[in-house]
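S.K.: structural data only, the sequence is not supplied:
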Ligand code: HSE
């Protein structure tokens, strides 16, 4: 007899990681969404309550990332029963920390926990992607996959996604800076050019390959040389007040790289553990100079991904 109710914590995430636009991301356990799903006899999905730091989200499941993800699960698995869901938002909306993805992931992991025959994480990834599309207007996996699997995650393919958890050198930490402003992912995507210069394509490809190989071989010099976005960041940086100053301060303080978290406005830096606080202080100082309020975290990239915390 399977359980009929489960609560899941789904972590926030940093999408893109500078060089893997729409395909690379890492989970951030310091904040996340909590989703409680109960099984009900009536097919379909109902959202009973949304609370926490973003309670104004739509309770119509077709307009809600978590609701749409669960509906995709009901349809994909042809379930004869339905779900009721409660959402506690812990990730600010429009922060670039993967809030919509975390809700979608939390919903399908909690839904899966109350299924008589649970399905694989790869199946859940596809359902969660349908939910994420409600918020961003496109199918992408760079937040969904790390929130679901944990750690630094590369996803290849959309229809038949292949997921790879990339090892992160043990000395690496991430500094995360969330300025208190809202930036819509749809808007930050709409400003992007549809074409890429050939020279930028070569540079960005080398950077992605260099970064991944640096992670596998524990080569921090390679990571430092390659953790730079030459395609998306130049187009988006104007959306974040103080971006250039904050990035320069991080690099001068010894960061391995510093860029936009997802679509922004949150910024992240990869650092050695020994200079994590120096980089954080340098970045904070620049935001403060602009009188921008923020939250900040220093994290190891070792989240276990979304998990049941109560059933
Ligand atoms: N990768 C997407 C973007 C979603 O940058 O637009 C944000 O995580």
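M.R.: Received, thanks. No experiment lies behind these values; they were computed from the predicted model shown.
S.K.: next, count neighbours for residue 63.
M.R.: 13 (other C-beta atoms under 10 Å). Bear in mind the C-beta positions are built from the backbone N, C-alpha and C, glycine included.
S.K.: get me the contact residues on the stretch 51-200 of the chain for the ligand.
M.R.: 136, 140, 142-143, 185, 188-189 (C-beta under 6 Å from any ligand atom).
S.K.: inside helices: which ones of those?
M.R.: 136, 185, 188-189 (DSSP state H).
S.K.: just the closest of the residues you listed to residue 161, please.
M.R.: residue 136 (16.5 Å; C-beta to C-beta).
S.K.: list the contacts for whichever residue of the stretch 1-150 of the chain sits closest to the ligand?
M.R.: Nearest residue of the stretch 1-150 of the chain to the ligand: residue 15, at 2.6 Å (C-beta to the nearest ligand atom). The neighbours of residue 15, taking C-beta atoms under 8 Å, 6 or more residues apart in numbering as the test, are 22, 24-25, 96, 98, 101, 140, 142-143, 261-263.
S.K.: in the longest helix along the chain, what's buried?
M.R.: In the chain, taking DSSP H as the definition, the longest helix is helix 198-216. Using 16 or more other C-beta atoms under 10 Å as the test for burial, helix 198-216 gives 203-204, 207-208, 210-212, 214-215.
S.K.: I'd like the average pLDDT over the next helix or strand after that helix.
M.R.: Moving toward the C-terminus from helix 198-216, the next helix or strand (DSSP states H and E) is helix 220-226. For helix 220-226, mean pLDDT is 98.
S.K.: ok, stretch 231-242 next?
M.R.: pLDDT averaged over stretch 231-242 gives 97.
S.K.: poorly predicted segments of the stretch 51-200 of the chain, please.
M.R.: Scanning the stretch 51-200 of the chain for pLDDT under 70 picks out 55.
S.K.: let me see the ranges of the strands in it.
M.R.: 82-89, 152-156, 162-166, 172-179 (DSSP state E, counting those that start in this stretch).
S.K.: which helices and strands sit right next to the first one?
M.R.: On a contact count with 3 or more C-beta pairs under 8 Å, 6 or more residues apart in numbering; DSSP states H and E, strand 82-89 meets strand 24-40, strand 44-52, helix 65-76, helix 99-113.
S.K.: same thing but at 6 Å, please
M.R.: strand 24-40, strand 44-52 (3 or more C-beta pairs under 6 Å, 6 or more residues apart in numbering; DSSP states H and E).
S.K.: could you give the angle of the last one to strand 82-89?
M.R.: Our comparison of strand 44-52 with strand 82-89, counting by axes from the mean of the first three to the mean of the last three C-alpha atoms, to 10 degrees, yields an angle of 20 degrees.
S.K.: pull the distance from the helix or strand harbouring residue 258 to the chain's centre.
M.R.: Residue 258 is part of strand 257-260, with elements assigned from DSSP H and E. Chain-centre distance of strand 257-260: 15 Å, with C-alpha atoms, centre = their mean, to the nearest Å.
S.K.: residues in contact with that strand?
M.R.: Contact with strand 257-260 is made by 18, 227, 229, 233, 236, 247, 250, 269-270, as judged by C-beta atoms under 6 Å, 6 or more residues apart in numbering.
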